[in-house]
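Q: The following comprises the amino acid sequence and a computationally predicted model.
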Amino acid sequence: MGRPAAATSAMLQCSFGAAPATLNALPTPRVMIEGKPAATIADGAPLVNVPTFGMCTSLANPTVAAATSAALGVLTPMPCVPATGAWVNGATTTMIGGTPALATGCTLMCAYGGVVQILNPGTTRTQVS
């Protein structure tokens, strides 16, 4: 059974972020899903594909750690600047431009310990496997 394919406008959430964000899959492979550029596991570039999640609460983030230390140990969130790479658990058989398609269930790790998940894939009818 397939999983819903992800495309531009997919809603993402980081485990340390304060707000959801919208995926921006660039139309590089020139493949459209339901009228939107299709996303692949390579669409994890910080601030290009994965925007900020508002405020970050991870103490592994140097700015949060410094602000928390300055506040005498009181957790002090700071602006999120994702430190991400490639998505994991992409489609096994569906390729877009030679790269596995992005789908619900894929995750993206942030260098500061956060896990980014797809809340809404941005598509309703297209399934990948």
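A: Yes, it's here. Residues are numbered from 1 along each chain as shown.
Q: so where is this structure shaky, pLDDT-wise?
A: For the chain, the stretches flagged by pLDDT under 70 are 1.
Q: biggest strand in the chain by residues?
A: strand 115-120 (DSSP state E).
Q: and it, which residues are buried?
A: Val116, Gln117, Ile118, Asn120 (16 or more other CB atoms under 10 Å). Placement of C-beta: from N, CA and C, glycine included.
Q: and those, which two are the farthest apart?
A: Val116 and Asn120 (13.3 Å; CB to CB).
Q: Return every residue with contacts to both of these two.
A: Common contact partners of Val116 and Asn120 (CB atoms under 8 Å, 6 or more residues apart in numbering): none.
Q: so Ala42 sits right up against Ala86, yeah?
A: Yes. Judged on CB atoms under 8 Å, Ala42 makes contact with Ala86 at a distance of 6.0 Å.
Q: Those two: which is more packed in?
A: A side-by-side neighbour count of Ala42 and Ala86, using other CB atoms under 10 Å, places Ala42 first with 21 against 16.
Q: Now that one: closest residue in space, sequence neighbours ignored.
A: Leaving aside its sequence neighbours, Ala42 sits nearest to Thr99 (CB to CB, 6 or more residues apart in numbering; 5.1 Å).
Q: Over to Leu23?
A: Ala10 (4.1 Å).
Q: List the contacts of that neighbour.
A: Counting by CB under 8 Å, 6+ apart, Ala10 touches Thr22, Leu23, Ala25, Ala39, Leu102, Ile118, Leu119, Asn120, Pro121, Gly122, Thr123.
Q: so how far is stretch 15-26 off the chain centroid?
A: Distance of stretch 15-26 from the chain centroid (CA atoms, centre = their mean, to the nearest Å) equals 6 Å.
Q: any idea where the helices of this structure begin and end?
A: Assigned by DSSP state H, the chain shows helices spanning 62-70.
Q: which one in it is furthest away from the centre?
A: Note on the chain: the largest C-alpha distance from the chain mean falls to Leu72, namely 31.9 Å (CA atoms, centre = their mean).
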